[in-house]
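> can you look at this prediction? I've put the sequence above it.
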Amino acid sequence: MVAVRSPPRALLALLLLPFALSGARRGKSGQPTSCFHVEQMRPGRCELLSRCPFGIQELRQGARPQLCGFPRSEQPGVARTAPTPIVCCPSESKARQEDGGDKVMPPETCENFLATSRSTRYETVSERKCTEYARAACLMSAPLVTASAPSDGEPAGRMEFPHMALLGYGEDPDALAWQCGGSLISPDWVLTAAHCLGNAR
């Protein structure tokens, strides 16, 4: 009988925490100050929902604004009741075309995520790791497309899915069977489905 050791819960929490933080950076008060709005594909600022016209518009349209967090109580140990959420309020586009539309970056270009963040003070290990991993993240001004994922041999465009990994199986590097995919979540880790590792591949 072979015992398989499962990863510690702390490791799993550390791997999932960057996604929960949604790219938010925190200021001296501990409250998020800058963020990256995933749907709008542009940097933003964490603001109270009541001060973010874009977030209010999202609510009116039935969408859920991207959450940065909730205000902290002024007194330690005292929780507020029903606080106003802090949401990611996307910045106005710096580059507008004459017709009023956003200027779209070519797919080959990549603006570093950290170039949009002005905060330099990070308080926790998880925030430092988020910053470390963000060095490889690209800001793409084109809208996020989730409907057309590569499948059935359909080729993906250059930089279309920059954080995807293709997993190959076999002993001979020239004859690998490319049977699963995953997401690059750090320089050393690929997140994939359990069935990709669960059988004798």
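Structure received. Numbering: from 1, shown residues only.

> how long is stretch 173-187 end to end?
Start to finish, the residues bounding stretch 173-187 are 22 Å apart (Cα to Cα, to the nearest Å).

> repeat that for stretch 40-59.
The stretch stretch 40-59 measures 15 Å between its terminal residues, going by Cα to Cα.

> buried set for that stretch?
Across stretch 40-59, burial judged by 16 or more other Cβ atoms under 10 Å covers 40-49, 52, 54-55, 58. For glycine as for every other residue, the C-beta is placed from the backbone atoms N, C-alpha and C.

> and the residue nearest to G44 when sequence neighbours are not counted, what does it touch?
The shortest distance from G44 to any residue other than its chain neighbours is 4.1 Å, reached at P90 (Cβ to Cβ, 6 or more residues apart in numbering). When contacts are counted by Cβ atoms under 8 Å, 6 or more residues apart in numbering, P90 touches 37, 40, 42-44, 54.

> now the helix or strand where L166 lies: buried residues?
In the assignment (DSSP states H and E), L166 maps to strand 164-169. For strand 164-169, a neighbour-count test (16+ other Cβ under 10 Å) marks L167 as buried.

> packing partners for the helix or strand just after that strand?
Downstream of strand 164-169, the next assigned helix or strand under DSSP H and E is strand 177-184. Applying 3 or more Cβ pairs under 8 Å, 6 or more residues apart in numbering; DSSP states H and E, we find strand 177-184 packed against strand 164-169, strand 190-192, helix 195-198.

> okay, now the sheet partners of strand 177-184, with direction.
strand 164-169 (antiparallel), strand 190-192 (antiparallel) (DSSP bridges).

> who touches the first one?
Right, strand 164-169. Identification of contacts with strand 164-169 by Cβ under 8 Å, 6+ apart yields 156, 176-184, 190, 192, 196, 201.

> tell me the average confidence for that strand?
Regarding strand 164-169, the rounded mean pLDDT is 86.

> include distance to L67 when you put the helices and strands packed on strand 177-184 into CSV, please.
Below are these laid out as CSV (distance: least, Cβ to Cβ, whole Å):
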stretch, distance to L67
strand 164-169, 26
strand 190-192, 22
helix 195-198, 31
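
> out of the ones you listed, which comes closest to T124?
Evaluated with Cβ to Cβ, the helices and strands packed on strand 177-184 place strand 190-192 nearest to T124, the distance being 21.3 Å.

> buried sites along the closest one?
V190.

> what about that strand, average pLDDT?
Here the average pLDDT along strand 190-192 is 90.
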